[in-house]
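Participant: Sequence plus the predicted model coming up.
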Amino acid sequence: EALVLLVHDDVSGCGDIVMDEKNKRFTLGGKEYREGDYISLDGSTGYIYDGVIPTVDATIAGEFGRIMGWADKYRRLKVRTNADTPKDAAKAVELGAQGIGLTRTEHMFFDPDRIAAFREMICADTKEERIAALAKIEPMQRADFEGIYEAMQDRPVTIRFLDPPLHEFVPTEEADIRALADAQGKSVEQIKAIIQGLHEFNPMMGHRGCRLAVTYPEIAEMQTRAVIKAALAVQARHPEWTMVPEIMIPLVGEVKELKYVKDVVVKAADEVLAAADSEMKYKVGTMIEIPRAALTADEIAKEAEFFSFGTNDLTQMTFGFSRDDAGKFLGSYYDNKIYESDPFARVDQIGVGKLVDMACKLGRATRPDLHLGVCGEHGGDPSSVEFFHKVGLDYVSCSPFRVPIARLAAAQAAIKEEKTEEEAAKAAQVELEAKVAAAKAALKDASEKLSSAAVDASAELKDIAQAGIKSLLAGWEEAKKTFGENRK
């Protein structure tokens, strides 16, 4: 029986654990834990508890349900969930999710019934061998997608294609390596050489995401067929629904690589739809998780029909550190007031946020109807949700149990914005009234000055006229005198 971790998505590392992987044990808080022991983790706080703590399913009812109803009335942002199984999807719907913003297809490959076929694909020597191995996986993926579509009941579902590097799927135990060698008809040494060849010094920035699809387009072809066939099957069972599959290409940093993978996807999708004589619509978009993608979002939007910000990786690549290792030094940064909060828990609005805002504006300048969302765990953090509301995203996506938090935060952001707009309108009205009053006062003052000037001018003109008349009379008398003298 494996070690059970009752863990929330927010918990991504624990630097205090002393791990002894070889002997399948670790030490924490002065106590040793072995494989088969139970511990419980509080996903919100990160606290670890010895043993199993009884839990109950989260539900929305009573007063809490009323508050959530009010929140839905006021919020603009839609709230989706990150879910990889029908069970998670159903729970998210129960908690108010309006769709899925991220389905991680790689999680499906770790199932014991599937990992062998996927390892067969990894160890294949030729494209034909890879296609044969992928053909075993396709019906499994299709069944997964059908289950998720059914659970979401006509709500939008975004499916991300394979993202992690392939070395995460290969065996590490000697017995598993030997079993793989036997299944592949290879020697143990050959399998070990393949595994060693997959090793990378920095896997986070290595052969993963869309780079896998560029190298092995047959993987994207298989996943596309599984997505479209699943959607067609569910549509046939529920003709009242309108299925519009959303396919998301991960880790894009250059528009040409997105176009390359998108062409593979479109070709495969259109072939399936043509064979089914279907006019079903589908969308192809990308995750914005590399800074270069955000900086060139106007170019990326020429190919992408939607953006989903993968703020986990975007934060890692913008800050230049891994969230799995950052716990070793972030404490010192908090103590010295360099960072006020964990950038992986609360989005960095100054740096990462600037990239998000820039990508939104650049993307919509190219494609005004571009759909924008976020699928990192920041989508469940209240302060981050408020920021995403401000920059104009259409939705946030988070783990199922954070959906109610996101719904409430989205409503608070909308109300706060409305209040700010009302206050700004009132301030503008006060300013306008002050300007009108000032203008009236200025006009009154000018009118009085003009009246005074007119009176002064009239008096002056009267004096001038009288002086002129006196001068004329004097001149006339002098002229008569002179004329009389000349006659004599």
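Facilitator: That came through fine.
Participant: Can you list the low-confidence ranges for this structure?
Facilitator: Of all residues in the chain, those with pLDDT under 70 make up the ranges 1-15, 453-461, 464-465, 468-469, 472-476, 478-480, 482-488.
Participant: which residues does the residue nearest in space to the middle of the chain form a beta bridge with?
Facilitator: By CA atoms, centre = their mean, the mean C-alpha position of the chain lies nearest to residue 374, the distance being 1.6 Å. Beta-bridge pairing of residue 374, defined through DSSP bridges, involves residue 309, residue 396.
Participant: ok, which stretches of the stretch 101-250 of the chain are helices?
Facilitator: The residue ranges that make up the helices of the stretch 101-250 of the chain, judged by DSSP state H, counting those that start in this stretch, are 106-109, 112-122, 127-152, 174-184, 188-197, 210-215, 217-237.
Participant: nope, the stretch 351-488 of the chain is what I meant
Facilitator: Along the stretch 351-488 of the chain, counting by DSSP H, counting those that start in this stretch, helices occupy 352-366, 382-391, 403-487.
Participant: I'd like the ones you listed as TSV, with distance to residue 153 appended.
Facilitator: Any C-beta I mention is one placed from the backbone N, CA and C, and that applies to glycine too. Below are the helices of the stretch 351-488 of the chain laid out as TSV (distance: least, CB to CB, whole Å):
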stretch	distance to residue 153
helix 352-366	30
helix 382-391	25
helix 403-487	15
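Participant: Indicate which one of those helices is closest to residue 225.
Facilitator: Taking CB to CB as the measure, these were each checked against residue 225, and helix 352-366 came out nearest at 28.5 Å.
Participant: Relative to residue 265, how far out is residue 248?
Facilitator: Residue 248 sits at a distance of 10 Å from residue 265 (criterion: CB to CB, to the nearest Å).
Participant: One more: residue 470?
Facilitator: According to CB to CB, residue 470 and residue 265 sit 105 Å apart.
Participant: May I see the buried residues of stretch 58-74?
Facilitator: Taking 16 or more other CB atoms under 10 Å as the basis for neighbour counts, the residues of stretch 58-74 that come out buried are 60, 68, 71-72.
Participant: ok so, going back, would you mind saying which of the helices of the stretch 101-250 of the chain lies nearest residue 432?
Facilitator: helix 127-152 (49.6 Å).
Participant: Could I get the buried residue list for that closest one?
Facilitator: With the criterion 16+ other CB under 10 Å, helix 127-152 contains buried residues 130-131, 133-134, 137-138, 140-142, 144-152.
Participant: And that helix, how far out from the chain middle?
Facilitator: Its chain's C-alpha centre and that of helix 127-152 lie 27 Å apart, by CA atoms, centre = their mean, to the nearest Å.
Participant: how much does that helix deviate in direction from helix 112-122?
Facilitator: Relative orientation of helix 127-152 versus helix 112-122 (axes from the mean of the first three to the mean of the last three CA atoms, to 10 degrees): 150 degrees.
Participant: list the helices and strands helix 127-152 packs on?
Facilitator: Contacts of helix 127-152 with other secondary structure elements, assessed using 3 or more CB pairs under 8 Å, 6 or more residues apart in numbering; DSSP states H and E, are made with helix 86-94, strand 100-104, helix 106-109, helix 112-122, strand 157-160, helix 217-237.
Participant: Am I right that residue 160 is in contact with residue 101?
Facilitator: No - with contacts counted by CB atoms under 8 Å, residue 160 stays clear of residue 101, the gap being 9.5 Å.
Participant: Check the gap between residue 292 and residue 317 for me.
Facilitator: 9 Å.
Participant: The two: who's more crowded?
Facilitator: More crowded of residue 292 and residue 317, by other CB atoms under 10 Å: residue 317, with 23 against 14.
Participant: wait, the more buried one sits on residue 290?
Facilitator: Yes - at 6.0 Å, residue 317 counts as touching residue 290 under the criterion of CB under 8 Å.
Participant: Residue 79 belongs to a strand?
Facilitator: Yes - counting by DSSP: H, G, I helix; E, B strand; the rest coil, residue 79 is part of a strand.
Participant: is it true that it touches residue 399?
Facilitator: No - look at residue 79 against residue 399 with CB under 8 Å: they stay out of range, at 11.6 Å.
Participant: So for these two, which sits in the more crowded spot?
Facilitator: Residue environment comparison for residue 79 versus residue 399 gives the larger neighbour count to residue 79, 30 against 21, counting by other CB under 10 Å.
Participant: which residues does that one bridge with?
Facilitator: Under the criterion DSSP bridges, residue 79 forms beta bridges with residue 396.
Participant: Pick the most buried one from the helices of the stretch 101-250 of the chain.
Facilitator: Each of these was scored by mean neighbour count; the highest is helix 217-237, a mean of 22, by mean count of other CB atoms under 10 Å.
Participant: What's the end-to-end length of stretch 187-206?
Facilitator: The straight-line separation of the ends of stretch 187-206 (CA to CA, to the nearest Å) is 27 Å.
Participant: Can you tell me how far residue 382 is from residue 80?
Facilitator: Where residue 80 is concerned, residue 382 sits at a distance of 17 Å (CB to CB).
Participant: Looking at the two, which is more packed in?
Facilitator: Comparing residue 382 with residue 80 by neighbour count (other CB under 10 Å), the higher total belongs to residue 80, at 30 against 15.
Participant: Return the distance of the more buried one relative to residue 380.
Facilitator: Distance of residue 80 to residue 380, given as CB to CB: 11 Å.
Participant: what's the answer for residue 77, then?
Facilitator: Counting by CB to CB, the separation of residue 77 from residue 380 is 12 Å.
Participant: Now list whatever residues contact both of those two.
Facilitator: Where contact means CB atoms under 8 Å, 6 or more residues apart in numbering, the residues bridging residue 77 and residue 380 through contact with each are 396, 406.
Participant: Now for the residue nearest to the centre of the chain: which residues touch it?
Facilitator: In this structure, residue 374 makes contact with 101, 308-309, 311, 356, 388, 393, 395-397, judged by CB under 8 Å, 6+ apart.
Participant: Good, we can wrap up now.
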